[in-house]
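>>> just to be clear, the model below is a prediction. Sequence and coordinates:
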Amino acid sequence: MRKEGKTPISPDALAALVRLKEGNRRYVDNLSTLNITDSNRRALAVGQQPFAVVLGCSDSRVPTEVVFDQGLGELFVIRVAGNIVQPSQIGSVEFAAQNFGTRLVVVLGHTQCGAIQATLEELQQPAENQSRNIASIVSCIRPSVEGLLGTDMSRDDLIYNAVRENVRYSVSALQHGSEIIEDLVDNDGLLIVGAEYSLDSGLVEFFVNEPAEA
């Protein structure tokens, strides 16, 4: 049931976003504070309380906890090629938000994404006998990038814009992917933002739904 008007963004979501930005800055500056010990691991055996959910790409060059300088139990990470949104990813977000009270969700794309490049190549020149499983990833990314084809952009600009459009598409898919998430956004201050990680600089740039307060 939707309340009158829209609930302000949760303070927990804003604080979590600041925490991620600070962690990424430490990572970029080579000032990581990660220190995983036996006691850390054992303490988490009784439960977890992640302060943010991150839906990111499976790319081995973008290890989520490292990029944000966060330790065990601090992030609820969902990784899939192309940071696509399907029922299992939506369900994972629902699970974290409902069970742990997590109020920040980040869709994290990255520069030079192989899944994005593969999708663009498939749309420009369809491959023969493509794996139906890879084809399912391409079909998820396709709606976000096909409108960019046929433009005068260089290949680098095409990939750059395609990565960002795919992040925007995934943010929208999460926001409208279930009644549970819509209710959490409207009535409990859940914040869903989109960001891009630079393989060159290590910096994460938030560019979708970033609140001015953070």
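Sure thing, it's come through. Residues are numbered from 1 along each chain as shown.
>>> walking through this protein, point out its strands one by one.
Under the criterion DSSP state E, strands of the chain are mapped to 52-56, 75-79, 104-110, 191-197, 204-208.
>>> list the contacts of Gly147.
Glu165 (CB atoms under 8 Å, 6 or more residues apart in numbering). Quick note: C-beta positions are derived from backbone N, CA and C, even for glycine.
>>> quick check: it vs Leu34, distance?
In this structure, Gly147 and Leu34 are 40 Å apart, going by CB to CB, to the nearest Å.
>>> packed most tightly, which of the strands of the chain would that be?
Highest mean neighbour count of those: strand 104-110, a mean of 27 (counted as mean count of other CB atoms under 10 Å).
>>> what packs against that one?
Where contact means 3 or more CB pairs under 8 Å, 6 or more residues apart in numbering; DSSP states H and E, strand 104-110 is packed against helix 11-28, strand 52-56, helix 155-175, strand 191-197, strand 204-208.
>>> any idea of the mean pLDDT in that strand?
Strand 104-110 carries an average pLDDT of 98.
>>> tell me which residues touch Ser10, please.
Arg103, Asp188, Gly189, Leu190, Leu191.
>>> now do the most centrally placed residue in the chain against Ser32, distance only.
Nearest to the mean C-alpha position of the chain, by CA atoms, centre = their mean, lies Val107 at 1.7 Å. Taking CB to CB as the measure, Val107 falls 24 Å from Ser32.
>>> just Ser201 next, same as before
Per CB to CB, Ser201 is found 16 Å from Ser32.
>>> this completes my enquiry, with thanks.
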